[in-house]
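>>> what follows is a predicted protein model with its sequence.
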Amino acid sequence: MQTNSQLIHHNQAIIPPSVLKALKLREGDSIVFEIDQAGVHLRKAPPIDKVFSEALQGTLSEWESAADDEAYADL
């Protein structure tokens, strides 16, 4: 099956209803664009565990220096 859409203001695209249904997407869901030699693939991103992510923040302070910002700025 193929369906079409078009880019609108600020490179936003309307996701067709058939795609929303196939991916079980709802407002607020995140999507992932995977790019490989076969093309670009769209899928629903797994939810982020906010509690786990927030718990990690306090342990990552060693990466918050100006030297780190400069060293990794081109990544």
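Sure, I can see it.
>>> going forward, measure contacts between C-alpha atoms and count neighbours the same way
OK.
>>> can you tell me the SS state at the most far-flung residue of the chain relative to its centre?
Farthest-out residue of the chain from its mean C-alpha position, per CA atoms, centre = their mean: A67, at 27.4 Å. Secondary structure, DSSP: H, G, I helix; E, B strand; the rest coil: A67 is helix.
>>> relative to S53, how far out is it?
Separation of A67 from S53 (CA to CA, to the nearest Å): 24 Å.
>>> if we can go back for a sec, from D49, how far out is the residue farthest from the centre of the chain?
As for A67, its distance to D49 is 29 Å (criterion: CA to CA).
>>> now do S30
Distance, S30 to D49, using CA to CA: 13 Å.
>>> what about those two, which has more around it?
Using other CA atoms under 10 Å as the criterion, S30 and D49 rank with S30 on top: 13 against 8.
>>> least confident secondary structure element in the protein?
Across the helices and strands of the chain, mean confidence by mean pLDDT, DSSP states H and E is lowest for helix 50-57: a mean of 82.
>>> centre of the chain to that one, how far?
Computed by CA atoms, centre = their mean, to the nearest Å, the chain-centroid distance of helix 50-57 equals 18 Å.
>>> end to end on stretch 67-75, go ahead and measure it.
Taking CA to CA, stretch 67-75 runs 14 Å from one end to the other.
>>> and the strands in this protein?
Here the chain has its strands, by DSSP state E, at 7-8, 12-13, 31-36, 39-44.
>>> next, count neighbours for the spatially closest residue to Q6 that is not a sequence neighbour.
Computed as CA to CA, 6 or more residues apart in numbering, the closest residue to Q6 that is not its neighbour in sequence is A13, at 5.8 Å. A count of nearby residues for A13, using other CA under 10 Å, gives 11.
>>> same check, this time on Q6
By other CA under 10 Å, 10 other residues sit near Q6.
>>> ok, I15 next?
13.
>>> kindly report the same for G28.
Neighbour tally, G28, other CA under 10 Å: 6.
>>> okay, it: pLDDT?
Note on G28: pLDDT of 89.
>>> L20 reaches S30, doesn't it?
No - L20 is not in contact with S30 according to CA atoms under 8 Å; the separation is 11.9 Å.
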